[in-house]
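*Asks:* Everything below, folded, please.
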Amino acid sequence: MELPEVPDAADAADVAARLRETGYLCDDDLATVVFLALRMQRPLLLEGEPGTGKTALAEALAATLDLPLVRLQCYEGIDATQALYDWDFPRQVLHLRALEAAGGDVDAEGAEKSLYDERFLLARPVLAALQQAPAVMLVDEVDRADDEFEAFLLEVLSTYQVSIPELGTVRATTPPVVVLTSNRTRELHDALKRRCLYHWIDHPGLEREVEVVRTRAPEVSETLARQVVAVVQQLRTGTAAGPLQKPPGVAETLDWARALHHLGATEVDLATAARTVGALVKYREDADRVRQALDRMLTP
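*Replies:* Numbers count the residues shown, from 1 in each chain. Presented below is the predicted three-dimensional model:
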């Protein structure tokens, strides 16, 4: 079984060009690892700081391949059941009542067996991705799950099939394109990493981030975009009052540029920047540090 490839993608440059058409700009290294993940039929593990575009890459890849995107959002305490399937209990109860009302010769064993029909199955993301294949399966923030869930994912990624005791084995006719993301709040196990191709996504450089803003928010002028990005890039390295708890990512850069544009700003001035700092940082302490930094950076 072969994974679908980016149409006519002969090399990494073609992958980058196709992703650019969706508005996602990537460097040569990232385009190369995406190209190899598709050609080698391997899951892609993306690590990096929040806001560097890991989730957005999976979304862009799904758009590029014209495939459905199935997202599994990981969280502390998630288990295999919440990722695989559940049974639609209310519909099963209604089904039993319908059988009782109809009467007939349905015995207890037959009634019980009829409860576990596929029509009562609620597919969670992992099962849905296997059923809908070809698809792009995004396993977002896998570092928030525990070791047991990692082991479950490793098994699924090794066989692209799951067993449902009442129905049997569900196997993907075409393996999904799998993208796993991690903010590295904890280290993932080597076994899972070995199964994947790996890439660390850094915040983009100044020129690339300006290009991202101009591509994703074309209403923002070149001058304003460049000033916004210059400020954000300085804030990521820290302020005189210390480093930020959560430095702004590219998503926050876009939000801030749009906020300034909606207020009619043509350049980053101190008063407007201070009023819109909530688009850039999400902690009170960070907001105070940013306002102090802006005062130094923008006051003549």
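*Asks:* Can you show me the helices along the stretch 51-200 of the chain?
*Replies:* 54-65, 80-84, 89-102, 108-115, 125-132, 147-159, 190-195 (DSSP state H, counting those that start in this stretch).
*Asks:* for those, which one sits closest to residue 243?
*Replies:* Of all the helices of the stretch 51-200 of the chain, helix 54-65 sits nearest to residue 243, with 21.5 Å by Cβ to Cβ. For glycine as for every other residue, the C-beta is placed from the backbone atoms N, C-alpha and C.
*Asks:* Flag the shaky bits of the stretch 201-300 of the chain, pLDDT-wise.
*Replies:* Applying pLDDT under 70 to the stretch 201-300 of the chain flags residues 240-241, 300.
*Asks:* can you check the stretch 51-200 of the chain too?
*Replies:* Counting by pLDDT under 70, the stretch 51-200 of the chain shows low-confidence ranges at 102-114, 116.
*Asks:* let's see it at 90
*Replies:* Within the stretch 51-200 of the chain, the segments meeting pLDDT under 90 span 51, 79-82, 84-123, 131-134, 147, 155, 157-159, 161-175, 184-185.
*Asks:* Dead centre of the chain: give me the residue that sits there.
*Replies:* residue 55 (2.6 Å; Cα atoms, centre = their mean).
*Asks:* Now for that one: which residues touch it?
*Replies:* Residue 55 sits next to 138, 140, 181 when contact means Cβ atoms under 8 Å, 6 or more residues apart in numbering.
*Asks:* do the same with residue 54
*Replies:* 46-48, 179, 181, 201.
*Asks:* Likewise for residue 133?
*Replies:* Residue 133 makes contact with 160, 172-176 under the criterion Cβ under 8 Å, 6+ apart.
*Asks:* try 7 Å
*Replies:* 172-176 (Cβ atoms under 7 Å, 6 or more residues apart in numbering).
*Asks:* Could you do residue 206 as well?
*Replies:* By Cβ under 7 Å, 6+ apart, the contact list for residue 206 reads 229-230, 233.
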